[in-house]
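In: model this:
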Amino acid sequence: MTTIADIGKKLGVSKSTVSKALNNAPDISETLRKTIVETAVEMGYSKLRQNKKEPKKLCILVENMEYTNELRFGYHIIIGFRQLAEPAGYQVDVIPLDHKMQRATGFDAFMLQGHYLGAFILGMSLNDPWMNDLQTSRTPAVLYDNYVPENPSTCYVGIDNTEGMNLAMKYLKNLGHRSIGYLSTSLGSYITQVRHRAFFSALKKNGLKSDPRLAGISLYVSECVQKHLPKLLEQGVTAIICCHDQMANAAMVQCREAGLRVPEDISIVGFDDLPMCAYTEPPLTTVRQDQLLLGKCGYNALESLLNEVPVGTLLLHASLVERESCAEVQQWRKK
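Out: The predicted model follows:
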C-alpha cells in the first residue's frame, strides 16, 4: 500500500510535510495541502493504515433528508448505525451534505482530510457530483437507497422494494381491486426508478392490467396529485399506490377536496411508514421501512467493506402496515 514516504518522494517533499498536510496542520499552505491530498488520493493512500493512537472515525453524510428529531425519517437510521458503531470503538460524525461542498472537494479527498475510514451516505440523488466520484472511489462507502455498480468499495442498503410493492399490490387485489394506479415524484433518484419498475412488475405478477397511463409522474408532490389524480380516476382506478407517504397523504387530501371518500370511494397505499402515517385522515396503509434496522444494516455493510468483504447489496424484507386507507372495492365500481 502507498505510504506517506511514497507520496513525499513523488512530490519532492519530506515525510513530515506530507504528514502535516494530511493532518491539516496550520503551517502548511492551502495550495501545498491540496496538492498533497490530491496526490495521496491518486496514489491510493488509505487511512486504514492510520496510527493506532488516532480515533477510528466514520461519517454519516446526509442530504435531502430530515434527521434532527425522532419524528424525522433519518433520525432512527442514524441511531441504528450509532448503536453498533460506537460500542465497536468508532467515533461517528453526522455531516450535512450539499452540492457546493461536493464541488469544492472530491469524495476521497474529503474522507482523507477528515481522517474518515468509511461513510454511510443518506439521501444522495443521481445528479450529485460525488456520485461520479463513487464510481471509482477506493474509500468504503455504503449508500442508503442508492446503487453504484461495479465498485467493490461501495454497497447499497435498503428494503426489498420489489417485495414491498408486490405486498401492496397483492393486498389490494385481495380486496377486489383490479384497476390500480401509481403516483410518483420525478424519476431523478435511484429509488424512485426502482419503485416505478416494481409497480409495473407487481401488476404483471398479480395478473392485473399493465398500462403506462396508470402511472402519473411529476417533479413536485402538489403538481403530481393535482395533474394526475383526476386522470387516474377518469380511467376508473379504484386504488392508488404512491411512491412515498407524503404523496399518499397529499392524494388523500386532494380526494377529500374533490368530494371523494377514502377508503369508501378510493383506496390509497403509501410507502415508507413515516411517523405521521398513524395520524393522517384516515390513518395510512403503507409499506414499512424499519429505520432502526436500516441504520444497523448500514453499519454491518460498512464493517464488511472495511474488512475487504465486497458486499454489493444488503436488503431488508419489506412489510405492509394495514391501517384504514384501504377497503374492499365498492360493488358499483366493479361494474
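In: quick one, helices of the chain?
Out: With DSSP state H applied, the chain shows helices at 4-11, 15-22, 30-42, 73-85, 99-104, 107-113, 129-133, 161-174, 190-205, 221-234, 245-257, 291-306, 331-334, listed in chain order.
In: With respect to Ile121, which of those lies nearest?
Out: With CB to CB, the closest approach to Ile121 among the helices of the chain belongs to helix 129-133: 8.1 Å. (C-beta placed from N, C-alpha, C; glycine too.)
In: any idea how far His228 is from Leu117?
Out: Taken as CB to CB, to the nearest Å, the spacing of His228 relative to Leu117 amounts to 45 Å.
In: actually Thr136, not the one I wrote
Out: Between Thr136 and Leu117 the distance is 18 Å, computed by CB to CB.
In: Between these two, tell me which one has more neighbours.
Out: Leu117 (20 against 12; other CB atoms under 10 Å).
In: Tell me where the chain is predicted with low confidence.
Out: 46-53, 331-335 (pLDDT under 70).
In: Work out which residue lies at the spatial centre of it.
Out: Relative to the mean C-alpha position of the chain, the nearest C-alpha, by CA atoms, centre = their mean, is the one of Asp145, at 3.2 Å.
In: quick revisit: got the helices of the chain as CSV, with distance to Pro282 and mean neighbour count columns?
Out: Output for the helices of the chain, formatted as CSV (distance: least, CB to CB, whole Å; neighbours: other CB atoms under 10 Å):
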stretch, distance to Pro282, mean neighbour count
helix 4-11, 62, 17
helix 15-22, 57, 19
helix 30-42, 53, 17
helix 73-85, 21, 21
helix 99-104, 39, 13
helix 107-113, 44, 22
helix 129-133, 39, 19
helix 161-174, 16, 20
helix 190-205, 23, 19
helix 221-234, 17, 17
helix 245-257, 8, 20
helix 291-306, 23, 21
helix 331-334, 18, 11
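In: want to throw these into CSV with distance to Lys57?
Out: Putting those into CSV (distance: least, CB to CB, whole Å) gives the following:
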stretch, distance to Lys57
helix 4-11, 18
helix 15-22, 14
helix 30-42, 16
helix 73-85, 10
helix 99-104, 18
helix 107-113, 10
helix 129-133, 18
helix 161-174, 32
helix 190-205, 27
helix 221-234, 37
helix 245-257, 34
helix 291-306, 12
helix 331-334, 57
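In: Met276: which of those helices is closest?
Out: Ranking these by their distance to Met276 (criterion: CB to CB) puts helix 245-257 first, at 6.9 Å.
In: Export that closest one to CSV, keeping only CA atoms.
Out: Extracted as CSV, the C-alpha positions of helix 245-257 are listed here (Å, rounded to 0.1, in the frame of the first residue of the first chain):
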residue,chain,number,x,y,z
ASP,A,245,-46.1,8.6,2.3
GLN,A,246,-46.1,12.4,1.6
MET,A,247,-47.5,11.7,-1.8
ALA,A,248,-50.2,9.4,-0.3
ASN,A,249,-51.2,12.0,2.2
ALA,A,250,-51.4,14.7,-0.4
ALA,A,251,-53.6,12.3,-2.6
MET,A,252,-56.0,11.7,0.3
VAL,A,253,-56.3,15.5,0.8
GLN,A,254,-56.9,16.0,-2.9
CYS,A,255,-59.6,13.3,-2.9
ARG,A,256,-61.4,14.9,0.0
GLU,A,257,-61.4,18.3,-1.8
